[in-house]
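In: next one to model:
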Amino acid sequence: MYYRVLSLSLVLLCSAVIPAQAQNEDDTDQQQPALIDSFRTGLKNTVDRSALWIDSLFAEEVDPADYPGSYGSLTISPVWDEHDGFEIDSSFRANLVFPHAEKRLSAIIGRGNFDDFINDTQQTRPTVIRRNDPDEEWMVGLGFDPYVEADHSLSFGAGFRGGLDLDPYVRARYRYGTILGDASEMTLQSVGFWRDSDGFGIAQTIEHEKMFSERWFNKFWIRGTFAERTDGVRWHASNKLYFMYHPERAVGGEVWWYGETRHEVPMQDYGLRALHRSRFKREWLFLEGWVGVHWPRELLTDPRKPRWIVGVELEMLFGN
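Out: Numbering: from 1, shown residues only. Got it, this is the predicted structure:
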């Protein structure tokens, strides 16, 4: 069984890697906009028009040319998990900037996990981390950034999550980054929040990035979240090591952990995976494929045994 799963995993991973490697960067067949280009342009225009409409509430006259500053990403991830079966995960995030508020006021529209949303760490959590309650829902919020510098930033925000449930939230976020050496950087981030379904809470994130050489890069992060209605501290951790064999392609390995300190099973999941990431056809399109194994356990009565996971993630960036 495991040999058949491993064979399927390798085939799917190669199917994600080979097209990216076979990409001809000098290809000139883009005289007519492709469907993906038209879709990206339409998505960007929709976001910009939304920013213009909201900003027009604060000014008598607006110029459409002043609203190209919105940006965001759309991600689609088909994943097969031996434990949970096949599913297609997706996330969307758009940041809208309003010139008449001197760019200190912004709006965020997105679909994803609430912890990632309020921490503004969309790329931090590995896609394969499991949760008992995925918490993947649409969220809308306004943000105010009174202080933004190279090393320090302070922002406030409020909004709703949960679709028609309208679960309101407010949050305050402080972020500090420092250079530890010629090739090392650390970032500390603290978030205080309140939401109707969780009560008051706080989240602390520590990130560390280090370049070992021109080709080797490592990123470690850990985040703990505590709220009135969580089982102790909800924590996530991950360490990724990349080897960049090409300016636009890299292979890597990752180890991750996830749990809640007062949960019936404090360590709910951990695992490892091998991955390949590259640009795909466009400079704003990225393809990542992975094969891994993890050891989930939700209840004390559940046996903890290895489960295979295979996935592909397509990420499209738009805006500045």
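In: model confidence over stretch 281-294, on average?
Out: When the per-residue pLDDT values of stretch 281-294 are averaged, the result is 93.
In: can you check stretch 71-90 too?
Out: When pLDDT is averaged along stretch 71-90, the result is 89.
In: so that it lines up with my notes, have the first residue be 281 from now on.
Out: Fine by me, first position is 281 from now on; the one you just mentioned is stretch 351-370.
In: quick one: end-to-end distance for it.
Out: Distance between the two ends of stretch 351-370: 17 Å, counting by CA to CA, to the nearest Å.
In: how about it: buried residues?
Out: Of the residues in stretch 351-370, those buried under the neighbour-count criterion (16 or more other CB atoms under 10 Å) are 351-355, 357, 359-363, 369. C-beta: built from backbone N, CA, C; applies to glycine.
In: where does this protein have low pLDDT?
Out: Screening the chain residue by residue with the criterion pLDDT under 70, one finds the ranges 281-313, 338-339, 346-348, 380-384, 391-392, 400-417, 442-445, 600.
In: and the helices in it?
Out: Counting by DSSP state H, the chain has helices at residues 282-301, 315-335, 394-399.
In: quick one, what contacts the residue located most distally from the centre of the chain?
Out: Within the chain, the residue lying farthest from the chain centre (CA atoms, centre = their mean) is E340, at 36.7 Å. With contact set as CB atoms under 8 Å, 6 or more residues apart in numbering, E340 has no partners.
In: surely G439 touches G421?
Out: Yes - under the criterion of CB atoms under 8 Å, G439 is in contact with G421, at a separation of 2.5 Å.
In: coming back round to it: and which of the buried residues of stretch 351-370 is nearest G457?
Out: Within the buried residues of stretch 351-370, proximity to G457 (CB to CB) peaks at Y351, which comes in at 19.9 Å.
In: show me what contacts the closest residue to the closest one other than its chain neighbours?
Out: If the residues on either side of it in the chain are set aside, Y351 comes closest to G599, at 2.8 Å by CB to CB, 6 or more residues apart in numbering. Listed by CB under 8 Å, 6+ apart, the contact partners of G599 are 324, 327, 348-352, 375.
In: so which of the residues you listed is the most crowded?
Out: Comparing these by number of neighbours (other CB atoms under 10 Å), S350 comes first, having 25 neighbours.
In: phi first, then psi, for it.
Out: According to degrees, to the nearest 10, the main-chain angles of S350 amount to phi -70, psi 150.
In: list the contacts of the residue nearest to it when sequence neighbours are not counted.
Out: Computed as CB to CB, 6+ apart, the closest residue to S350 that is not its neighbour in sequence is V327, at 4.5 Å. Contacts were defined as CB under 8 Å, 6+ apart; by that measure V327 touches 350, 352, 374, 376, 389, 598-599.
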